[in-house]
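the amino acid sequence is not available; the structure is as follows:
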């Protein structure tokens, strides 16, 4: 029990590492919260600090979720599913103790959690994300669509043996929660998309004809 509690704390602290905020301060002498959307996640880091910084932030945030899932497996912690530790890391990423509990939108760390526990399912969602991003030029919409299809996949795929072998109640509930959480965290983005005012990345087809701001 003590091992489990310690690992849950470690998972939260891992998730709480505000990579975008720290990389901005250390290497660029910028508070990323004062630029762009003000978010400390991957997308705003790309926009404000550039490609290399954005890639670094994505890798760190992704690995936070993966490590949180793998640690209880490696250390043989019993009593809780590894995805619970991944969920705690995602909550740490979103409400980080090291950044006044104001964190990212949970996408990269959630993907990392899936990679650690259900890699084929994660790769499927990465493909969905990439295709949607190319068609729409919007990270936000790609994240929301990935969340929706992730929830549907967690509910339907086990019944046909596609990518997920059998139903795992805890995994299904965590995916449903995180998918809903990602959508809620993108509420303002969804409002801008409906107004055709969402920020775009300089890649893809912009099929919805948003008015690019960056």
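Yep, that arrived. All of these numbers come straight from a predicted model, not from anything done at the bench. Numbering: from 1, shown residues only.

any low-confidence regions in the chain?
Applying pLDDT under 70 to the chain flags residues 212-214.

could you chop it up by domain?
For the chain, the structural domains run 1-117, 118-214, going by automatic domain parsing.

buried deepest among the ones you listed, which one?
Comparing the domains of the chain by mean neighbour count (mean count of other CB atoms under 10 Å), domain 1-117 comes out on top with a mean of 20. Where you see a C-beta, it was placed from the backbone N, CA and C, and this is true even at glycine.

and residue 133, how far from residue 202?
Per CB to CB, to the nearest Å, residue 133 is found 12 Å from residue 202.

the closest residue to residue 95 other than its chain neighbours in helix, strand or coil?
Counting by CB to CB, 6 or more residues apart in numbering, residue 101 is the residue found nearest to residue 95 once chain neighbours are left out, at 4.5 Å. What DSSP: H, G, I helix; E, B strand; the rest coil gives for residue 101 is coil.

with residue 193 instead?
helix.

residues contacting it?
Applying CB atoms under 8 Å, 6 or more residues apart in numbering to residue 193 gives the contacts 138, 140, 141, 208, 210.

swap in residue 71?
7, 10, 11, 77, 85.

just want the phi and psi numbers for the third one.
When you say that, I think you mean residue 11. phi -60, psi -40 (degrees, to the nearest 10).

surely residue 124 is in contact with residue 152?
No - applying CB atoms under 8 Å as the test, residue 124 and residue 152 come out as separate, 11.4 Å apart.

just give me the longest helix of the chain.
helix 51-74 (DSSP state H).

what's the following helix or strand after that helix?
helix 82-94 (DSSP states H and E).

which residues does residue 126 contact?
Residue 126 neighbours (CB under 8 Å, 6+ apart): residue 111.

ok, the residue lying closest to residue 82 once chain neighbours are set aside - contacts?
In space, residue 82 comes closest to residue 69 once its chain neighbours are excluded; the distance is 4.6 Å by CB to CB, 6+ apart. Contacts for residue 69 (CB under 8 Å, 6+ apart) come out as 82, 83, 85, 86, 89, 112, 113, 116, 117.

what does residue 97 give?
Contacts of residue 97 by CB under 8 Å, 6+ apart are 12, 13, 16.

tell me the secondary structure at the second one.
Judged by three-state DSSP, the three-state class of residue 13 is helix.

please report how far the closest residue to it other than its chain neighbours lies from residue 16.
Among residues not flanking residue 13 along the chain, residue 92 sits closest, at 6.7 Å (CB to CB, 6+ apart). Taking CB to CB as the measure, residue 92 falls 4 Å from residue 16.

circling back: which of the contacts of residue 69 sits closest to residue 197?
Nearest to residue 197 among those is residue 112, at 30.3 Å by CB to CB.

the closest one reaches residue 64, doesn't it?
Yes - counting by CB under 8 Å, residue 64 is a contact partner of residue 112 at 6.1 Å.
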